[in-house]
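Chemist: here is a sequence together with a model predicted from it:
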Amino acid sequence: MNKLILLYLFIFGSLTQAHAQELKVTVSGQGPKIILIPGLASSGEVWDETVAQLSKNYECHVLTLPGFGTNPAVEMPSGFLTTMEKLITEYILAQKEKVTLIGHSLGGLLSLRLSRSLPDRIQKVVIVDSFPFYSAAFNPAATEENMVGMASQMKQLMLSQSPEQYRAQQQASMPMMTINPEKLPIAVEWSMQSDRGTTAEAFYELMITDFRDELAEVKTPILVLGAWASGKNYGLTEESVKKSFADQYSMAENVQIEMAPTAHHFIMWDNPEWFMEKLSTFLR
């Protein structure tokens, strides 16, 4: 029996250590535990200013997902979302207590999936500008099936571009993501540092994953912080975008939606005071 226990501890310990290496994690502060998950091709450093405030009252665990930023890629035989959900699940279970999740963009979708699969371990969830079905935010007629073609084309385009073409595309699109001039080049560099295959697969799965109906199983309190200002030149209004969020999150039992005043996608960079006020109130 003792030999079996030692074998179990050896195997379990080895697996835990391996997954800890695949998830790049930095921990700071003391108090209730918060896990912060960045978005597509983003480093955990995206949360630096947020953590500087939160760590005064909370223990902050900042993740950088494998393949993003300078964190090396991993094999993903079961796909990006399933692989990342498994890694983060094991990290959460290792904490031995309930945690709060804060997820930006793709990290928001992962946070929603985790709140369904780990209902007893997730205390609260904060979603920063993320929808349960990304494609439906731009095409109300989107389904998982009819988005496969477009998602495949986008994936192939990302993989086929030269480094110069890819950088030019990132530089052109990033002003839609943030109005913070100091952060723009940082976000571009994170995209260039990230593993292209991981980014392309993650974006593909994001486009074809509809999590709206599964929200009916999520009882965890959810705060959604949405952005609308980047779409105002295309006819979008705060009211129309908030309605889109409300429609997509309608199946969730306990959800609160707040719209950032002037932020683009990186709300924590663009409206930091507003962001921290809404976040702190919800956490309290």
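Modeler: Alright, I've got the coordinates.

Chemist: which SSE is the nearest residue to Gly231 once chain neighbours are set aside in?
Modeler: Spatial nearest neighbour of Gly231, excluding adjacent residues (C-beta to C-beta, 6 or more residues apart in numbering): Val241 at 6.6 Å. The way it works is simple: take the backbone N, C-alpha and C, and place the C-beta from them, glycine included. Val241 is located in helix 238-248, with elements delineated by DSSP states H and E.

Chemist: next, the buried residues of the following helix or strand past that helix.
Modeler: Downstream of helix 238-248, the next assigned helix or strand under DSSP H and E is strand 255-259. Neighbour-count burial for strand 255-259, counted by 16 or more other C-beta atoms under 10 Å, picks out 255, 257-259.

Chemist: kindly report the same for stretch 222-235.
Modeler: Neighbour-count burial for stretch 222-235, counted by 16+ other C-beta under 10 Å, picks out 222-231.

Chemist: next one: stretch 82-99
Modeler: Here stretch 82-99 shows 83-85, 87-92, 99 as buried, counting by 16+ other C-beta under 10 Å.

Chemist: of all the residues you listed, which comes closest to Ile35?
Modeler: Distance to Ile35 across those (C-beta to C-beta) is lowest for Val99, with 5.3 Å.

Chemist: now the closest one: closest residue in space, sequence neighbours ignored.
Modeler: Lys33 (4.5 Å).

Chemist: beta partners of that neighbour?
Modeler: For Lys33, the beta-bridge partners under DSSP bridges are Glu59, Val99.

Chemist: what are the ranges of the strands in the stretch 1-150 of the chain?
Modeler: Along the stretch 1-150 of the chain, counting by DSSP state E, counting those that start in this stretch, strands occupy 24-28, 33-37, 59-64, 99-104, 122-128.

Chemist: what sits closest to the residue most central in space within the chain if chain neighbours are left out?
Modeler: Residue closest to the mean C-alpha point of the chain, counted by C-alpha atoms, centre = their mean, is Gly107 at 0.9 Å. Closest residue to Gly107 apart from its sequence neighbours, by C-beta to C-beta, 6+ apart: Ile37 at 3.3 Å.

Chemist: from Thr143, how far out is the one you found?
Modeler: 26 Å (C-beta to C-beta, to the nearest Å).

Chemist: and for Tyr234?
Modeler: On the measure of C-beta to C-beta, Tyr234 and Thr143 end up 23 Å apart.

Chemist: likewise Gln95?
Modeler: Per C-beta to C-beta, Gln95 is found 37 Å from Thr143.

Chemist: and for Arg116?
Modeler: Taking C-beta to C-beta, one finds Arg116 at 20 Å from Thr143.

Chemist: also Thr237?
Modeler: Taking C-beta to C-beta, one finds Thr237 at 26 Å from Thr143.

Chemist: again, but for Met154
Modeler: The gap separating Met154 from Thr143 is 17 Å, by C-beta to C-beta.

Chemist: who's more crowded, these two?
Modeler: Met154 (16 against 13; other C-beta atoms under 10 Å).

Chemist: low pLDDT regions in this protein?
Modeler: For the chain, the stretches flagged by pLDDT under 70 are 1-21.

Chemist: for it, what spans make up the helices?
Modeler: For the chain, the helices defined by DSSP state H cover 2-22, 48-54, 80-93, 106-117, 148-160, 163-173, 184-193, 196-208, 238-248, 267-270, 272-283.

Chemist: could you check how far the second one is from the centre of its chain?
Modeler: Offset of helix 48-54 from its chain centre (C-alpha atoms, centre = their mean, to the nearest Å): 17 Å.

Chemist: show me what counts as buried in that helix.
Modeler: Under the neighbour-count criterion of 16+ other C-beta under 10 Å, helix 48-54 has 50-51, 53-54 buried.

Chemist: ok, back up a step: ok, the residue nearest to Gly107 touching Ser105?
Modeler: No - under the criterion of C-beta atoms under 8 Å, Ile37 makes no contact with Ser105, lying 9.3 Å away.

Chemist: compare those two (neighbour count), which wins?
Modeler: Shown here are Ile37 and Ser105; by other C-beta under 10 Å, Ile37 has more neighbours (29 against 24).
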